[in-house]
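[1] Here is a sequence with its predicted model. Questions after.
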Amino acid sequence: MRPTHLIPLTLLSSLPLTLSWGTLGHTTVAYIASNFVEPSTQEFFQRILHNNSDAYLAGVATWADSFRYTAAGRFSAPFHFIDAEDSPPESCGVQYARDCGEQGCIVGAIQNYTRQLLNPDLNGGLRNMAAKFVIHLLGDIHQPLHVENLEKGGNGIQVLFNGAHVNLHHVWDTSIAETQVGGYGLPLASEWANNLSLAITDKEYKPLAASWLKGIDLADPVMTSLAWAEETNLFVCTAVLPVLRAWKGRS
């Protein structure tokens with residue numbers, strides 16, 4: 001797919017909107033997590049993060065994005081994605097050995113920072129940083145274009161969304177979610193998270209919720225996060241690119 005194509009994305013309004021992770025997406029994911037964690041988990045993170053408010057997760061959910069653009073955090077840029085060298089939309093798939101680059105990737109980073117977070121022998125500052133990375137990266141790994149190499153995860157695919165020329169990655173990171181909710185910020189994220197949490201416990205997502213916990217093993221964070229990455233990457237073939245291909249077929 002050539003990066004110069006301008007593709008109208010009004011059809012994307014029918015796609016799963018909870019797959020978009022900019023500021024709004026990350027804070028919403030964090031609020032949803034805080035709605036479901038055990039009391040002991042809440043106490044653990046509040047202690048590590050020095051924050052007893054309801055926003056103890058959401059308040060730091062975007063920290064890793066800010067950190068990566070500092071001199072001290074430049075090393076962490078590759079940790080936000082894994083470049084699946086697959087062939088979408090015909091074939092999608094993630095292979096850790098093939099797709100995780102020499103500078104690291106999101107799957108390896110989740111392993112590293114999970115181990116740091118759970119290591120009581122590390123100092124509080126390192127565990128605090130590890131917690132913020134884990135909170136953020138668990139959002140990134142559920143955004144399809146963070147688990148895809150094509151056109152640099154969609155950054156090289158120029159599209160037209162609500163009259164603005166942006167890249168496809170930005171649309172999935174930010175534009176879809178903010179259009180759905182009407183903006184961004186902690187109050188909107190909290191409200192959206194509460195609505196989604198209700199859908200998980202009592203409404204349309206209730207039949208699926210139990211399956212989301214299958215395969216989670218903190219003792220093997222690589223296999224756990226790789227399973228998440230594979231599930232997310234499949235959306236590139238089933239949702240993200242088919243819409244663009246359908247439009248090209250009519251042009």
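    Structure received. Numbers count the residues shown, from 1 in each chain.

[2] For the stretch 101-250 of the chain, which segments are assigned as strands?
    Secondary structure of the stretch 101-250 of the chain, counting by DSSP state E, counting those that start in this stretch: strands at 158-161, 164-167.

[3] surely residue 224 meets residue 215?
    Yes: here residue 224 reaches residue 215: they are 6.4 Å apart, a contact under CB atoms under 8 Å. C-beta: built from backbone N, CA, C; applies to glycine.

[4] Touching whatever helix or strand residue 44 lives in from outside, list them.
    Using DSSP states H and E, residue 44 sits within helix 39-49. Identification of contacts with helix 39-49 by CB atoms under 8 Å, 6 or more residues apart in numbering yields 34, 37, 52, 56, 57, 60, 117, 124, 127, 128, 131, 132.

[5] that older thread, highest mean neighbour count out of the strands of the stretch 101-250 of the chain?
    Most buried of the strands of the stretch 101-250 of the chain by mean neighbour count (mean count of other CB atoms under 10 Å) is strand 158-161; its value is a mean of 18.

[6] Any idea how far that one is from the middle of the chain?
    21 Å (CA atoms, centre = their mean, to the nearest Å).

[7] Which elements pack onto it?
    Contacts defined by 3 or more CB pairs under 8 Å, 6 or more residues apart in numbering; DSSP states H and E place strand 158-161 against strand 164-167.

[8] that older thread, more neighbours: which of residue 224 and residue 215?
    residue 224 (18 against 13; other CB atoms under 10 Å).

[9] so what's the nearest residue to residue 92 once chain neighbours are set aside up against?
    Nearest non-adjacent residue to residue 92, counting by CB to CB, 6 or more residues apart in numbering: residue 237, 3.9 Å away. By CB under 8 Å, 6+ apart, the residues touching residue 237 are 88, 89, 90, 91, 92.
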